[in-house]
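**Student:** With the input below, show me the fold.
(one chain, ligands or ions: 1)
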Amino acid sequence: MFLKNLDFLKKNRLFREIKDRSSAQGPRIRFGENEFINFSSNDYLGLSAHPYLIEIVKKAIEEYGYGSSASRLLGGGSILHRELESKIAQLKKTESALLFNSGYLANIGIIPSIADENTVLLSDEFNHASIIDGCRLSKANILIYRHKDILHLEELLRKSGSKRKVIVTDTVFSMEGDIAPLKEIVELCKIHSAVLYLDDAHGTGVLGNGRGALSHFDINPYPWIVQMGTLSKAIGSFGAFASGDKDIIDWLINTSRSFIFSTTLPACNVAAALAGIELIEKDKGLIKKLWMNREKLVQLLKDSDYNVMGSETPIIPISTGTLENTLKLSEHLYNKGIYAPAIRPPTVKEPRIRITVTASHTNEDIGRLIEVLNEYG
Ligand SMILES: Cc1ncc(COP(=O)(O)O)c(C=O)c1O
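**Tutor:** Now for the predicted structure:
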């Protein structure tokens with residue numbers, strides 16, 4: 001049965017293959033001997049191979065070794081884990097924070113902890129797969145609202161009766177690059193006494209001076225808001241976190257299965273995240289450069305009549321119509337030394353090229369992308 005399905009994927013050009021780098025992540029990468037300008041990573045601030053992070057990681061390995069060898073509750077954590085949680089709580093202006101091993105594990109661990117069988121979960125239709133899986137793992141009643149459609153969300157809230165309500169949304173949508181209307185969603189939470197769960201994976205380090213989406217909109221981190229974010233994107237390390245009220249974090253420590261039953265992050269990962277946040281706070285020029293590059297690229301794409309599908313962030317999808325055309329364009333880019341992979345169903349409904357621009361791209365990198373795109377026509 002699997003092999004038949006595999007044939008189906010291949011025949012329909014939906015079969016995906018892994019491409020592994022022979023270089024560090026960054027604006028220039030290598031596959032084998034060939035160099036590419038890279039528009040595929042979420043390394044928004046160019047920190048993933050930053051010399052300062054590398055130096056700090058080396059020191060942490062010397063002090064703590066590499067492996068962490070146990071879950072946090074069994075003593076796998078280090079002082080650095082605590083330090084990073086305090087730093088994240090401070091960054092997010094919340095009482096407390098808790099580390100998770102990845103964004104995926106955070107979403108599948110946190111959502112079932114805050115939504116039980118007496119809960120209605122209201123989830124944006126374009127939420128990340130890890131949110132969808134977290135919702136499925138919970139025993140809650142799941143209602144999907146149309147993408148960013150406040151009227152639809154309000155209608156579903158009204159229909160959901162007296163059950164506990166939790167609204168779940170990405171802050172920045174990872175395949176669209178647009179931002180959730182958080183001001184309106186927060187107002188609905190107040191009216192309907194709903195809890196709000198935010199996945200700020202692509203907002204942390206990018207929006208609100210690096211603090212994330214709530215700061216971007218100047219919204220208080222109310223006690224009924226639970227935030228999740230990743231350390232693997234703008235922060236340049238690996239892992240994830242939840243941040244919120246102390247009671248909620250204590251509840252997660254005691255109930256969240258992906259936290260309790262998994263070996264914790266190595267201390268050197270944690271040290272890299274601390275160093276990443278330190279750089280973001282010290283050098284405001286990094287975020288400025290990211291947004292300058294983003295504005296430049298979007299303007300040039302629009303000047304060349306590309307449809308950037310409502311992007312508001314450094315995630316810039318370009319609408320490419322059919323699957324055939326999307327794959328051809330991605331191949332053309334690849335043959336000309338630009339890496340910007342095609343995104344196709346089932347990840348998204350409409351195929352697209354997903355471009356992510358970073359603070360480390362040069363004007364020449366951006367110019368070359370436009371030149372190669374325009375050659376394709
Ligand atoms: C919105 C969103 N949430 C969660 C994740 C998962 O995070 P991680 O890669 O750390 O598992 C991702 C993607 O990587 C994402 O884009």
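**Student:** got the contact list for the residue in the stretch 1-150 of the chain positioned nearest to the ligand?
**Tutor:** Sorted by distance to the ligand under Cβ to the nearest ligand atom, the residues of the stretch 1-150 of the chain start with G103, at 2.1 Å. Where you see a C-beta, it was placed from the backbone N, CA and C, and this is true even at glycine. G103 makes contacts with 128, 130, 199, 201, 228-230, 232, 240, as judged by Cβ atoms under 8 Å, 6 or more residues apart in numbering.
**Student:** same question, I370
**Tutor:** When contacts are counted by Cβ under 8 Å, 6+ apart, I370 touches 297, 300-301, 304.
**Student:** got the residues of the stretch 201-350 of the chain near the ligand?
**Tutor:** 201-202, 230, 232, 240 (Cβ under 6 Å from any ligand atom).
**Student:** Would you check which pair of those residues lies furthest apart?
**Tutor:** H202 and A240 (12.4 Å; Cβ to Cβ).
**Student:** Now do the contacts for L122.
**Tutor:** Contacts of L122 by Cβ under 8 Å, 6+ apart are 143-145, 153, 156-157, 160, 165-168, 194.
**Student:** Remind me which helix or strand A234 belongs to.
**Tutor:** Under DSSP states H and E, no helix or strand contains A234.
**Student:** what's the spacing between it and G32?
**Tutor:** To G32, A234 is 28 Å away according to Cβ to Cβ, to the nearest Å.
**Student:** Those two: which is more packed in?
**Tutor:** A234 (32 against 9; other Cβ atoms under 10 Å).
**Student:** how close does that one sit to the ligand?
**Tutor:** 12 Å (Cβ to the nearest ligand atom, to the nearest Å).
**Student:** So that residue is in contact with N42, correct?
**Tutor:** Yes. Under the criterion of Cβ atoms under 8 Å, A234 makes contact with N42 at 7.5 Å.
**Student:** Spit out the residues that contact those two alike.
**Tutor:** Counting by Cβ under 8 Å, 6+ apart, nothing touches both A234 and N42.
**Student:** and the closest residue to the ligand within the stretch 251-377 of the chain, what does it touch?
**Tutor:** Residue nearest to the ligand within the stretch 251-377 of the chain: I315 (9.0 Å; Cβ to the nearest ligand atom). Counting by Cβ under 8 Å, 6+ apart, I315 touches 172-177, 202, 354-356.
**Student:** cool, and V172?
**Tutor:** 178-180, 200-203, 206-207, 213, 312-313, 315.
**Student:** what's across from the residue of the stretch 251-377 of the chain closest to the ligand in the sheet?
**Tutor:** T356 (DSSP bridges).
**Student:** what pLDDT does it get?
**Tutor:** Note on I315: pLDDT of 98.
**Student:** same thing with the one 3 residues further on?
**Tutor:** Note for I318: predicted pLDDT of 95.
**Student:** secondary structure element for it?
**Tutor:** strand 315-319.
**Student:** re earlier: now, the contacts of V172 that are in helices?
**Tutor:** Judged by DSSP state H, these include A213 as members of helices.
**Student:** so which of the contacts of V172 comes closest to the ligand?
**Tutor:** Closest to the ligand, out of all of the contacts of V172 and judged by Cβ to the nearest ligand atom, is A201, at 3.7 Å.
**Student:** roughly how far apart are the residue nearest to the closest one when sequence neighbours are not counted and L105?
**Tutor:** Closest residue to A201 apart from its sequence neighbours, by Cβ to Cβ, 6 or more residues apart in numbering: T230 at 4.3 Å. Per Cβ to Cβ, T230 is found 11 Å from L105.
**Student:** what do you get for N42?
**Tutor:** From N42 to L105 the distance is 17 Å (Cβ to Cβ).
**Student:** Can I take it that S123 is in a helix?
**Tutor:** No. Using DSSP: H, G, I helix; E, B strand; the rest coil, the secondary structure at S123 is strand, not a helix.
**Student:** which residues sit in contact with it?
**Tutor:** Contacts of S123 (Cβ under 8 Å, 6+ apart): 131-132, 135, 142-145, 167-169.
**Student:** can you check L84 too?
**Tutor:** So L84 contacts 99, 241, 270, 273-274, 277 (Cβ under 8 Å, 6+ apart).
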